[in-house]
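Colleague: Provide a 3D model corresponding to the input given below.
(one chain, ligands or ions: 2)
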Amino acid sequence: MSDRPLTHPGASGPGSAWAAAARLDAADPLAGRRRAFVLDDDTVYLDGNSLGALPAAVPGRLAEVIGREWGELRIRSWTESGWWTAPQRIGDRIAPLIGAAPGQVVVGDSTSVNVFKALVGAVRLAEADDTRGTASRGTVRDQILMDAGTFPTDGYIAESAARMTGRTLVPVPAGDLPSLAGPRTAAVLVNHVDYRTGELHGLAAVTAAAHAAGAPVVADLCHSAGALPVNVDALGVDFAVGCTYKYLNGGPGAPAYLYIRAEHQARFDSPLPGWNGHREPFAMTPDYRPAEGAVRGRVGTPDILSMLALEAALEVWDGVDIAEVRAKSLALTDYFLARVAALAPPGSLVPLTPAEHARRGSQISLRCDGTAAVMAELVRRGVVGDFREPDVLRFGFTPLYTGFTDTERAARTLAAVLREGTR
Ligand SMILES: Cc1ncc(COP(=O)(O)O)c(C=O)c1O
Ligand SMILES: Nc1ccccc1C(=O)C[C@H](N)C(=O)O
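Modeller: Ligands and ions are numbered 1, 2, ... in the order given. Sure thing, here's the model as predicted:
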């Protein structure tokens with residue numbers, strides 16, 4: 001019943017699929033990165049698009065933070081251990097992964113909270129532009145456009161942000177965002193990669209169209225950062241948010257980040273002006289005077305343990321070229337699609353993820369019957385993905401620790417489960 005790979009894939013013959021996968025692994029320039037993670041060879045972990053694996057550097061660093069910085073230095077660590085400035089320091093560590101120059105990213109809060117800050121901030125910016133006459137005069141920007149397939153939290157938050165700013169939230173198919181951005185658009189909120197289908201949306205086209213209409217763009221990078229090049233600076237994206245527990249491997253509940261484009265920082269009017277975003281937090285003045293730069297995106301006291309775990313986790317990116325990550329991600333997902341098509345019973349799976357590279361993130365979503373039972377059986381057999389309602393199997397490919405033999409095993413196991421049934 002087991003569909004485990006052979007310990008030496010080549011043993012099944014030089015022409016076999018195992019041997020071909022092993023050759024791809026041997027030629028993979030990122031293969032050595034797997035050693036930077038805590039993983040077991042019995043499991044093929046394809047759920048890094050929900051919770052990234054544990055980087056090996058994290059436990060030791062956390063022990064030091066707890067034992068030395070908290071346990072011994074105590075209050076001194078806010079300054080001496082760099083705790084207070086961690087949100088901007090770690091933001092600068094994330095910046096290159098999303099194509100941002102330093103000084104534009106702060107880490108903290110959840111993605112949900114950052115969607116709120118960014119979206120309300122974006123609407124306030126558009127409003128200010130209209131008032132100053134830099135956008136077309138006489139516009140009534142009464143709508144927030146959003147991709148209808150959004151991860152739910154973005155939609156919930158956007159609905160509230162719309163209500164609070166006196167706008168209407170208008171969910172539309174992601175592909176229609178460029179053509180629908182117009183004089184009524186106050187801001188556009190778009191997921192770079194659709195969490196359910198794995199479709200990569202055209203952030204360049206959305207941003208260009210929104211800007212032509214005088215509206216700022218907020219991008220949710222949860223499913224793209226760390227999996228593919230994002231280039232927020234080059235694309236002109238105004239605000240971006242993302243979590244760090246998926247492809248950035250920061251750990252369960254790791255803090256999210258907020259990108260505030262440099263040119264907007266001086267006018268970013270945060271709807272959550274907490275004391276950490278104050279110009280002089282320790283002056284404790286009753287009036288709010290926002291800090292310069294992305295720091296004004298901070299709110300309250302940072303979650304230091306999670307934040308410093310994230311900082312240690314980000315070491316796995318030292319020397320990694322994100323273009324190489326993208327190339328491997330596409331090769332892995334191509335490989336998986338091809339092997340599943342070859343091995344699974346005809347008609348048993350319908351790919352939801354676009355075949356076109358330009359429209360594909362780093363996950364493969366497949367529709368099938370009995371999704372929950374199929375995934376439960378896959379997990380039982382050591383292939384861990386997940387499923388999303390109503391009938392979608394999701395397999396996330398994390399190029400830093402997933403190989404081609406892993407992918408061969410996942411495809412074979414999935415095909416076997418579908419052939420054999422789950423009862
Ligand atoms: C696209 C997207 N946005 C937001 C979230 C959730 O954000 P958080 O739980 O960090 O607020 C997720 C996943 O949890 C997601 O996939
Ligand atoms: N934060 C979580 C906590 C618990 C369980 C899942 C999540 C996810 O991140 C789900 C993910 N956003 C998704 O694309 O489905």
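Colleague: from now on I want contacts and neighbour counts done on CA atoms only, so please keep to that.
Modeller: Noted.
Colleague: ok, Gly385 to Val232 distance?
Modeller: 29 Å (CA to CA, to the nearest Å).
Colleague: what do you get for Gly293?
Modeller: 17 Å.
Colleague: likewise Ser362?
Modeller: Relative to Val232, and taking CA to CA, Ser362 is found at 18 Å.
Colleague: more neighbours: which of the two?
Modeller: Counted by other CA atoms under 10 Å, Ser362 and Val232 do not tie: Ser362 has more neighbours, with 31 against 25.
Colleague: can you pull the contacts of the more buried one?
Modeller: Shown in contact with Ser362 (CA atoms under 8 Å, 6 or more residues apart in numbering): 198, 223-224, 227-228, 329-330, 333, 396-398.
Colleague: tell me the residues of the stretch 101-250 of the chain that contact ligand 1?
Modeller: Residues of the stretch 101-250 of the chain lying near ligand 1 by CA under 6 Å from any ligand atom: 110-112, 151, 153, 195, 220, 222, 243.
Colleague: look up the closest residue to Leu62, ignoring the ones flanking it.
Modeller: Nearest residue to Leu62, sequence neighbours excluded (CA to CA, 6 or more residues apart in numbering): Ala309, at 6.1 Å.
Colleague: so which elements touch the host helix or strand of the one you found?
Modeller: Counting by DSSP states H and E, the element that carries Ala309 is helix 304-313. Applying 3 or more CA pairs under 8 Å, 6 or more residues apart in numbering; DSSP states H and E, we find helix 304-313 packed against strand 54-55, helix 57-64, helix 86-94.
Colleague: out of the ones you listed, nearest to ligand 1?
Modeller: Smallest distance to ligand 1 across the helices and strands packed on helix 304-313 (CA to the nearest ligand atom): 15.7 Å, for helix 86-94.
Colleague: export the closest one to CSV, keeping only CA atoms.
Modeller: Provided in CSV are the C-alpha atoms of helix 86-94 (Å, rounded to 0.1, in the frame of the first residue of the first chain):
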residue,chain,number,x,y,z
ALA,A,86,12.9,45.2,15.8
PRO,A,87,9.8,46.0,13.7
GLN,A,88,11.7,48.3,11.3
ARG,A,89,15.0,46.2,11.4
ILE,A,90,13.1,43.0,10.5
GLY,A,91,11.0,45.0,8.0
ASP,A,92,14.3,45.8,6.2
ARG,A,93,15.1,42.2,6.2
ILE,A,94,11.9,41.4,4.4
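Colleague: tell me the first helix or strand C-terminal of that helix.
Modeller: Following helix 86-94 toward the C-terminus (DSSP H and E): strand 105-107.
Colleague: from the stretch 201-350 of the chain, which residue is nearest to ligand 1?
Modeller: Nearest residue of the stretch 201-350 of the chain to ligand 1 (CA to the nearest ligand atom) works out as Cys222 at 4.9 Å.
Colleague: burial measure for that residue, as a count.
Modeller: By other CA under 10 Å, 28 other residues sit near Cys222.
Colleague: can you put the helices and strands packed on helix 304-313 in CSV and add mean neighbour count and distance to ligand 1?
Modeller: Formatted as CSV, the helices and strands packed on helix 304-313 follow (neighbours: other CA atoms under 10 Å; distance: least, CA to the nearest ligand atom, whole Å):
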stretch, mean neighbour count, distance to ligand 1
strand 54-55, 22, 17
helix 57-64, 16, 20
helix 86-94, 23, 16
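Colleague: and these as CSV, adding mean pLDDT?
Modeller: Converted to CSV, the helices and strands packed on helix 304-313 look like this (pLDDT from 0 to 100):
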stretch, mean pLDDT
strand 54-55, 98
helix 57-64, 98
helix 86-94, 98
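Colleague: out of these, flag the one nearest Arg380.
Modeller: Smallest distance to Arg380 across the helices and strands packed on helix 304-313 (CA to CA): 20.9 Å, for strand 54-55.
Colleague: run through who's touching the closest one.
Modeller: Outside strand 54-55, the residues that touch it by CA under 8 Å, 6+ apart are 36-39, 249-251, 312-313, 316.
Colleague: check the offset of it from the chain's centre.
Modeller: Relative to the chain's own centre, strand 54-55 is displaced by 17 Å; criterion: CA atoms, centre = their mean, to the nearest Å.
Colleague: so what strands line up beside it?
Modeller: Taking DSSP bridges as the criterion, strand 54-55 sits next to strand 37-38 (antiparallel) in its sheet.
Colleague: following element in sequence after the strand it pairs with, please.
Modeller: Going down the chain from strand 37-38, the next helix or strand is strand 44-45, by DSSP H and E.
Colleague: partner strands of that next one, parallel or antiparallel?
Modeller: For strand 44-45, pairing defined by DSSP bridges yields strand 383-384 (parallel).
Colleague: hmm, who's touching the partner strand?
Modeller: 43-47, 375, 378, 395, 410, 413.
Colleague: tell me what the residue nearest to Pro216 when sequence neighbours are not counted is bridged to.
Modeller: Closest residue in space to Pro216, ignoring its immediate chain neighbours: Ala187 at 5.1 Å, by CA to CA, 6+ apart. Beta-bridge partners of Ala187, counted by DSSP bridges, are Ile144.
Colleague: measure how buried Ala187 is and give me the count.
Modeller: With other CA under 10 Å as criterion, Ala187 counts 35.
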